[in-house]
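Student: here's my sequence, what's the structure:
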Amino acid sequence: MDSYYSVKIEKRKWLFLVGLVALTHLFCQSLMLPYGNALLSLLPIDKNNNNVILKAGESYYLSSAKTLTVDNPRMARSSNLDNESILVRGAKSATSYNGIRDVDDDKRSMEKGKLQKMNSDVDGDGMVDDFDFVEDETLNNVNKDTEEGFIMQNGTSSKVVVLDDESSKKPLLINSVFELKSKSDVSFDKIKEISDGEGHHLLGNNFASLKKGSSVMNNAVKKKMKCEMPPKTVTPIGEMQRLLVRHRARSRAMRPRWSSERDHEILTAKLRIESGPTLKNNGELYAPLFRNVSMFKRSYELMERVLKIYVYKEGEKPIFHQPILKGLYASEGWFMKLMEGNKRFVVKDPKKAHLFYMPFSARMLEYTLYVRNSHNRTNLRQYLKDYSEKIAAKYHFWNRTGGADHFLVACHDWAPYETRHHMEHCIKALCNADVTTGFKIGRDVSFPETYVRSARNPLKDLGGKPPSQRHILAFYAGNMHGYLRPILLHHWKDKDPEMKILGPMPPGVASKMNYIHHMKSSKYCICPKGYEVNSPRIVEAIFYECVPVIISDNFVPPFFEVLNWEAFSVIIAENDIPNLKTILVSIPERKYLDMQLGVRKVQRHFLWHAKPVKYDLFHMTLHSIWYNRVFQIKLR
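Tutor: The predicted structure is shown next:
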């Protein structure tokens, strides 16, 4: 009997010890939680070693480490942060999804809120209320994902830090090192950007030394985000032209499982486009803008007479059938609105259609389905996969061609990823036209990214000064998205009075007007890539009749299959930024005047109208989709 009670007592002791250990473990874990600041404040802190370093790119995957998210988005300058603390909250995981960035590129974007606010036009003063210098806006409801995360170290502990999307606006969250002072309440009252002493943001693995007395070592960054590194391979514009010719000669489109009357109509159109007469003088079109103005005109006229499109009714709002008409991603919204309301091309009977349009918004897909801070977009891709399978089950048209006669129009940076695999054979009109991320020259269409500031008047402020009144050689202003813009500022900011190369401009109406004034008064407008290859500044430069200078390796210019970009733009390799002024001043005055005239002539092809007009942006987009289909179609 005594042995029975002794065994029972021993069991209780063990249960008590196990419970005590569990409680101790939970207590320690609670110190890592966002609300653990109060507990941490009870613990002693080494005042002699209170510096914390944030580094971009280094990978520390510790099984016991918790993920933290810095909520304070305002990190433009240290002076803005002197009296501000950064709240730290918990998140589930710091592992990025397949190394894919969860932020809007270059860019970008519309202010968080309801769709009504996205499409709202004007503020009380009649000025557009969401102007933030084109792609320098960022989404409030998405998070910037990195390949390896950001690392916060204090003493021997390591914790991965994921920074909120708005903070991604600032270059200090890209490749810089930061010094943070911790207090007893574990808030950080100051973040200081470390520079190299020459006034520009740090890049690569070479960082400036910390101030004297710092006890934290300044280690080189081992890994960085893909968008923060130059591409491993570069496809020059000349090679893109050769790819276009080669792909035209040997079409890669899937052969239909069975031919249709519509296929033969397209083949007939192809023969007429290729064998028609050469135009000598044409008052409607400015010939130097086009690769072959005769082929373009014949193709355009055949499109107007022949092309029929079926718009799928499937899909629910707001992802489908609900266009955004203002802001950075307005292009996909304007095309959707004008396509669905079109009576010339749209047919109700899908059997009469040559092409099939899937009317979804990549921007609204992200806005509606992306789980903030999840760093995972598989649900977005799965949503479109389910949609394509739904229309394939309901209609036989998708299965006939494998989707090769279907097309989508998307301007959001994530669209190439979201449409991968299950929409691989479709014609994709994409703003993010990057040959290194699956963009197929000759099949896909480089879709112009246009920043629409007024849905009611998309042509507001159109035009610029004549060449004789453009006294600024080159102009750029904007935030430091990506690796390229800090390099641009390093070489040219405050270095030459003829080169107005600026950083971020403050928000507000005055800055907006100053920005537009500079665009209208400059000979050349610099259009460097941001996180992704595309930039709305290209169309913006054309809008203000400024010759665009495109600096973005592997970017396929809009409507590349028909337009001759050498006639109205300058394309410079990224590694030629140090020679930027030399290149520009070496352009003869006659050549500049020809390019500026080309900009004025091509402008009509990059404008949205409430009611489409001939050769405008809506028709140019539709024509390029038609044109690529004509030269891609194959029959057995």
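Student: contacts and neighbour counts: CA atoms only from here.
Tutor: Fine.
Student: what helix or strand does Met339 sit in?
Tutor: Assigned by DSSP states H and E, Met339 falls within helix 330-340.
Student: list the helices and strands that helix packs on?
Tutor: strand 406-410 (3 or more Cα pairs under 8 Å, 6 or more residues apart in numbering; DSSP states H and E).
Student: flag every buried residue along the following helix or strand past the strand it packs on.
Tutor: Next helix or strand after strand 406-410 toward the C-terminus (DSSP H and E): helix 415-418. Buried residues in helix 415-418, defined by neighbour count with 16 or more other Cα atoms under 10 Å: Ala415, Pro416, Glu418.
Student: how many residues are close by Thr278?
Tutor: 11 (other Cα atoms under 10 Å).
Student: wait, is it part of a strand?
Tutor: No - Thr278: not assigned to a strand; according to DSSP: H, G, I helix; E, B strand; the rest coil it is coil.
Student: does it really touch Phe296, like I thought?
Tutor: No - the criterion here is Cα atoms under 8 Å, and Thr278 misses it with Phe296 at 10.8 Å.
Student: what about the chain, any weak spots by pLDDT?
Tutor: 1-8, 25-225, 251-254, 281, 636 (pLDDT under 70).
Student: which other helices and strands does the next helix or strand after the helix holding Met339 contact?
Tutor: The element immediately downstream of helix 330-340 (helix or strand, assigned by DSSP H and E) is strand 355-357. Contacts defined by 3+ Cα pairs under 8 Å, 6+ apart place strand 355-357 against strand 309-311, strand 406-410.
Student: okay, those, which one's buried deepest?
Tutor: Greatest average neighbour count among the helices and strands packed on strand 355-357 goes to strand 406-410 (a mean of 25), per mean count of other Cα atoms under 10 Å.
Student: what does that strand rub up against?
Tutor: Strand 406-410 is touched from outside by 332, 335, 355-363, 398, 426-431, 447, 625, with contacts defined as Cα atoms under 8 Å, 6 or more residues apart in numbering.
Student: strands - which of the residues you listed land there?
Tutor: Among those, the members falling in strands (DSSP state E) are Leu355, Phe356, Tyr357, Ile427, Lys428, Ala429, Leu430.
Student: CA atoms of stretch 558-572 as CSV?
Tutor: What follows is stretch 558-572, C-alpha atoms only, in CSV (Å, rounded to 0.1, in the frame of the first residue of the first chain):
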residue,chain,number,x,y,z
PRO,A,558,5.5,48.4,-76.2
PHE,A,559,4.1,47.2,-79.5
PHE,A,560,7.6,46.0,-80.4
GLU,A,561,6.2,43.9,-83.3
VAL,A,562,5.1,47.0,-85.3
LEU,A,563,6.8,50.1,-83.9
ASN,A,564,10.3,51.3,-84.7
TRP,A,565,11.5,52.6,-81.3
GLU,A,566,14.7,54.0,-82.7
ALA,A,567,12.6,56.7,-84.4
PHE,A,568,11.4,58.3,-81.2
SER,A,569,13.4,57.1,-78.2
VAL,A,570,16.9,56.4,-77.0
ILE,A,571,17.6,52.9,-75.5
ILE,A,572,20.7,52.7,-73.3
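Student: mind listing what's buried along it?
Tutor: Under 16+ other Cα under 10 Å, the buried positions of stretch 558-572 are 558-565, 567-572.
Student: nearest to Tyr312 among these?
Tutor: Top of the list for closeness to Tyr312, among the buried residues of stretch 558-572 and by Cα to Cα, is Phe559 at 24.9 Å.
Student: any idea what the nearest residue to the closest one once chain neighbours are set aside is bridged to?
Tutor: The spatial neighbour of Phe559 that comes closest, neighbours along the chain excluded (Cα to Cα, 6 or more residues apart in numbering), is Ser446 at 5.7 Å. Beta-bridge partners for Ser446, by DSSP bridges, are Leu430.
Student: give the contact list for Ser446.
Tutor: Here Ser446 is in contact with Ala429, Leu430, Cys431, Asn432, Ala433, Val556, Pro557, Pro558, Phe559, Phe560 (criterion: Cα under 8 Å, 6+ apart).
Student: just Cys431 next, same as before
Tutor: Ala410, Cys411, His412, Asp413, Ser446, Phe447, Pro448, Glu449, Asn534.
Student: most neighbours, which of these?
Tutor: That'd be Asn534 among those, by other Cα under 10 Å, with 34 neighbours.
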